[in-house]
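[1] Here is my input, please return the structure:
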Amino acid sequence: MATLKFKEIKKMNKQGINKKLKELKIELIKSKVNASKSGSSRIKEIKKIIARILTLNK
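    All right, here's what the predicted structure looks like:
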């Protein structure tokens, strides 16, 4: 999954943003489970994307 930029998120509609947020939260949980097996750099990236989406929704 590529990093979502703020401009890309801004172009999405509300339903698309909510769908993407749910997908990212699920992916974050999966990454946390797999973090013990591999590095946790992916977790940091997912958290940043979630923060961008939540910032835009306010």
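
[2] what sits against the closest residue in space to Ile17 that isn't next to it in sequence?
    Leaving out its chain neighbours, the residue that sits closest to Ile17 by C-beta to C-beta, 6 or more residues apart in numbering is Ile53, at 6.0 Å. The way it works is simple: take the backbone N, C-alpha and C, and place the C-beta from them, glycine included. Ile53 sits next to Leu4, Ile9, Ile17, Lys20, Leu21, Leu24 when contact means C-beta atoms under 8 Å, 6 or more residues apart in numbering.

[3] Which one of these is nearest to Lys32?
    Nearest to Lys32, judged by C-beta to C-beta, of these is Leu24 at 12.5 Å.

[4] If we ignore the residues flanking it in sequence, what's nearest the closest one?
    Nearest residue to Leu24, sequence neighbours excluded (C-beta to C-beta, 6+ apart): Ile50, at 5.3 Å.

[5] Isn't that neighbour up against Glu23?
    No: contact criterion C-beta atoms under 8 Å: Ile50 and Glu23 do not qualify, at 10.3 Å.

[6] So between these two, which is more surrounded?
    For Ile50 versus Glu23, the count of surrounding residues by other C-beta atoms under 10 Å is larger for Ile50: 17 against 11.

[7] for the helix or strand where the more buried one lies, the distance to its chain's centre please.
    Assigned by DSSP states H and E, Ile50 belongs to helix 41-57. Relative to its chain's centre, helix 41-57 lies at 5 Å (C-alpha atoms, centre = their mean, to the nearest Å).

[8] SS state for Ser36?
    Judged by DSSP: H, G, I helix; E, B strand; the rest coil, the three-state class of Ser36 is coil.

[9] now swap in Thr3 and tell me
    With three-state DSSP as the criterion, Thr3 reads coil.
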